[in-house]
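Chemist: sequence first, then the predicted structure:
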Amino acid sequence: MSETKIYPPPPGFAARALINASTYASMYRESVTNTEAFWAKQARERLTWSKPFTLVKDTSFDAKDLHVRWFADGELNVAVNCLDRHLAKRPEQWKQRHSENREKAAVDRIEQLHPSAL
């Protein structure tokens, strides 16, 4: 017997979502029908590039040169995208998640690297 059950999220959780079902469906459609333009826009809006990409997708399914490369000529700095760009906006949130000792060491280091962030 196969039964499909759907468990909707609690209303408060759904209300805090960044997109709704309609927006998701629209974004999905765009990602399928205009793949490179869609992902180029997402990459430019959501990531900080140390060297911007000029080529979105490079694929070859030739057995002698099989590859799928996304944004291959661009360069990212993981620390900038995962930590640095969020510090100026939410330093208190970041600090609350760390113990007193780790917080002190991390904050000291952040102040050395990014004095304006705190």
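Modeler: Ah, there it is.
Chemist: all contacts plus neighbour counts: C-alpha atoms, from now on.
Modeler: Noted.
Chemist: all the strands of this protein, residue numbers only.
Modeler: 49-51, 57-60, 67-70, 75-76 (DSSP state E).
Chemist: list the contacts for Val80?
Modeler: By CA atoms under 8 Å, 6 or more residues apart in numbering, the contact set of Val80 is Thr48.
Chemist: let me fix that, I meant to ask about Thr54.
Modeler: Phe71, Asp73, Gly74.
Chemist: for this protein, what spans make up the helices?
Modeler: 11-15, 21-33, 35-46, 78-79, 85-87, 91-96, 100-113 (DSSP state H).
Chemist: make TSV out of those and add mean pLDDT, mean neighbour count and distance to Ala63.
Modeler: Formatted as TSV, the helices of the chain follow (pLDDT from 0 to 100; neighbours: other CA atoms under 10 Å; distance: least, CA to CA, whole Å):
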stretch	mean pLDDT	mean neighbour count	distance to Ala63
helix 11-15	91	10	45
helix 21-33	96	12	25
helix 35-46	96	14	23
helix 78-79	84	10	32
helix 85-87	77	16	41
helix 91-96	65	13	47
helix 100-113	65	13	47
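Chemist: go through those helices and name the closest to Phe61.
Modeler: helix 35-46 (17.6 Å; CA to CA).
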